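Visitor: Provided below for reference: sequence and predicted model.
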Amino acid sequence: MTHVPVVPPPTISLPPDAPRMIPFLDLKRINARDRDRLLAAMARVLDSGWYILGQEVREFERRFAEYTGVPHAIGVANGMDALTLVFRALRELGRIAAGDEVLVPSNTYIATILALTENRLTPVLVEPDPRTFNMDPARVREAITPRTRAILTVHLYGRLGWSPELQAVADAAGVPIVEDAAQSQGAALDGRRAGSLGLATGTSLYPGKNLGALGDAGVVTTWDAPLAEAVRTIANYGSQRKYENRYKGVNSRLDELQAAMLVVKLDRLDADNARRRTIAARYGAGIRNRAIALPEPGPEGAHVWHLYVVRADDRDELQRHLAAHGIQTLVHYPTPPHQQPAYAEWADRSYPIAEAIHRTVLSLPMDPTMSDADVDAVIATCNTFRGAT
């Protein structure tokens, strides 16, 4: 799942004595912690005179593959390209063909599905478990047909969508799992990280992600050497050697500058994820309002809380209440894919669980640089919604 446009918080005129705004995510403050190292990395790239497919990209790929626990990482231009290239490579290798079915969550952001239709594949939307926001393995089992060629699981909001139960369903059907890990860098289960759980993974490294560049960036990880070679080749105009083109490729390359930034920021990922878990735990223990449904944390380590998403029947009223007290929130996401004009051919479909989720979700501030005082202010304000105490 790549960066997405979101519904902005409502505009509220605050009185002069209103508290300062608690931002949803303060990227300026986050990046200021490593300002000197980031500037040094920028200078190193500038002085090198080599700006595409050089040492910085190789180093990031090596470091990220090692961190993820897989042999292959390929830096690409963005997260949607990462997913698109995985399925394009599977097509070029003859493992999937136009028209084949891929199971995908009904409540993901549209970019996940665009990666499939871009490859002329048939998305089969599967409803999530409303407790986890991720695909329900039982519904996945029911959705598999003889034309199913892959299961595309999304680790939505930072919680792993992969599970032993989902893997058992995939194994029984003889189809691979592909991961969309755009929101889950560092999440792990039983010592295995997001990006190493399926055949291949597409990851966004957009600035707002847990591991974010200073612009668009993405990465593919995989265990599969032929798949890795195909992804790398297709992303470079289909070329392995200059002016020789094996595939009708595209230009989707992670640039040297963003790679250098990511090497710096990778060092903080685990500590930032630990802080996110602390904030989530404080929210979970402190918010006591029956009008607000809290998310489940899942197995230990399996959630890195890219987003802390609550649900409320009167979501818009809750958002206005928080904004009036100086707390910025966002909606991820207001409209499910099957109700988007881009997929007007699905307008007569109904996915009631996804529709209910999109209608009621609200993301509270989640920032590894948040102070405990700001976390407490969010909790206190949630607890006064509708006069609750």
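Guide: That came through fine.
Visitor: So residue 76 sits against residue 220, correct?
Guide: Yes - counting by C-beta atoms under 8 Å, residue 76 does reach residue 220; the two are 6.2 Å apart. (C-beta placed from N, C-alpha, C; glycine too.)
Visitor: so what's in contact with the two at the same time?
Guide: Common contacts of residue 76 and residue 220 (C-beta atoms under 8 Å, 6 or more residues apart in numbering): 82, 85, 231.
Visitor: Pick the one among those closest to residue 106.
Guide: residue 82 (21.5 Å; C-beta to C-beta).
Visitor: Now the host helix or strand of the closest one: buried residues?
Guide: When elements are assigned from DSSP states H and E, residue 82 belongs to helix 79-92. Buried positions in helix 79-92, judged by neighbour count with 16 or more other C-beta atoms under 10 Å: 79-92.
Visitor: quick one, helices of this protein?
Guide: 27-32, 35-48, 55-68, 79-92, 110-117, 137-143, 164-173, 225-235, 256-266, 269-286, 315-324, 352-360, 372-383 (DSSP state H).
Visitor: coming back round to it: quick one: list the elements packing against the helix holding residue 82.
Guide: Packed against helix 79-92 by the contact rule (3 or more C-beta pairs under 8 Å, 6 or more residues apart in numbering; DSSP states H and E) you find strand 72-76, helix 110-117, strand 148-154, strand 177-180, strand 200-204, strand 218-222, helix 225-235.
Visitor: Give me the distance between residue 145 and residue 102.
Guide: Separation of residue 145 from residue 102 (C-beta to C-beta, to the nearest Å): 11 Å.
Visitor: Show me the common contact partners of those two, please.
Guide: residue 124.
Visitor: out of the two, which sits in the more crowded spot?
Guide: residue 102 (24 against 10; other C-beta atoms under 10 Å).
Visitor: thought that one was touching residue 149?
Guide: Yes - the criterion here is C-beta under 8 Å, and residue 102 meets it with residue 149 at 6.4 Å.
Visitor: what sits in contact with each of those two?
Guide: 96, 121.
Visitor: Which residues in stretch 373-381 does the neighbour count mark as buried?
Guide: 374, 375, 377, 378, 379, 381.
Visitor: For that stretch, report the contacting residues that lie outside it.
Guide: Contacts of stretch 373-381 (C-beta under 8 Å, 6+ apart): 19, 22, 279, 282-283, 286-287, 321-322, 325-327, 364-365.
Visitor: rerun that using 6 Å as the cut-off
Guide: If you take C-beta atoms under 6 Å, 6 or more residues apart in numbering as the criterion, stretch 373-381 is touched by 22, 279, 282, 286, 287, 322, 325, 327, 364, 365.
Visitor: Put the buried members of the residues you listed into a ChimeraX selection.
Guide: A single ChimeraX command selects the buried members of the contacts of stretch 373-381 (16+ other C-beta under 10 Å):
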select :22,279,282,287,322,325,327,364,365
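Visitor: any idea which of the contacts of stretch 373-381 is closest to residue 237?
Guide: residue 365 (42.0 Å).
Visitor: any idea how far residue 162 lies from residue 174?
Guide: Residue 162 is 17 Å from residue 174, by C-beta to C-beta.
Visitor: Which one of those two is surrounded by more residues?
Guide: residue 162 (27 against 9).
Visitor: quick one: that one from residue 43, how far?
Guide: For residue 162 relative to residue 43 (C-beta to C-beta), the value is 40 Å.
Visitor: returning to that earlier point: I'd like the shared contacts of residue 76 and residue 220 as a markdown table, with distance to residue 115 appended.
Guide: Output for those, formatted as a markdown table (distance: C-beta to C-beta, whole Å):
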| residue | distance to residue 115 |
| --- | --- |
| 82 | 8 |
| 85 | 9 |
| 231 | 13 |
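Visitor: Residue 386: which of those is nearest?
Guide: residue 82 (42.0 Å).
Visitor: dump the residue contacts of the nearest residue to the closest one once chain neighbours are set aside.
Guide: Residue nearest to residue 82 in three dimensions, not counting chain neighbours: residue 202, with 3.3 Å by C-beta to C-beta, 6 or more residues apart in numbering. Going by C-beta under 6 Å, 6+ apart, residue 202 touches 82, 83, 86, 180, 220.
Visitor: which one among those gets closest to residue 316?
Guide: Distances from residue 316 to the contacts of residue 202, taken by C-beta to C-beta, are shortest for residue 180, at 28.0 Å.
Visitor: isn't the closest one right up against residue 154?
Guide: Yes - at 4.3 Å, residue 180 and residue 154 qualify as touching, with contact defined as C-beta atoms under 6 Å.
Visitor: So which of these two has more stuff around it?
Guide: The neighbour count for residue 180 versus residue 154, taken as other C-beta under 10 Å, is higher for residue 180 (32 against 26).
Visitor: Any figure for the gap between the more buried one and residue 345?
Guide: For residue 180, the distance to residue 345 equals 23 Å [C-beta to C-beta].
Visitor: How about residue 122?
Guide: 12 Å.
Visitor: With neighbour numbers in mind, choose between those two.
Guide: Of the pair residue 122 and residue 345, residue 122 is the one with more neighbours under other C-beta under 10 Å, namely 14 against 8.
Visitor: Now do stretch 86-94: distance to the chain's middle.
Guide: 22 Å (C-alpha atoms, centre = their mean, to the nearest Å).
Visitor: do the same with stretch 41-49
Guide: Relative to its chain's centre, stretch 41-49 lies at 29 Å (C-alpha atoms, centre = their mean).
Visitor: Identify the residues contacting that stretch?
Guide: The contact list for stretch 41-49, computed with C-beta under 6 Å, 6+ apart, reads 256, 257, 260, 264.
Visitor: And those residues, which is closest to residue 184?
Guide: Nearest member of the contacts of stretch 41-49 to residue 184, counting by C-beta to C-beta, is residue 264, at 20.6 Å.
Visitor: CSV for the buried residues of helix 79-92, including pLDDT and distance to residue 169?
Guide: Below are the buried residues of helix 79-92 laid out as CSV (pLDDT from 0 to 100; distance: C-beta to C-beta, whole Å):
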residue, pLDDT, distance to residue 169
79, 98, 25
80, 98, 26
81, 98, 28
82, 98, 24
83, 98, 21
84, 98, 25
85, 98, 25
86, 98, 20
87, 98, 20
88, 98, 25
89, 98, 24
90, 98, 19
91, 98, 23
92, 98, 27
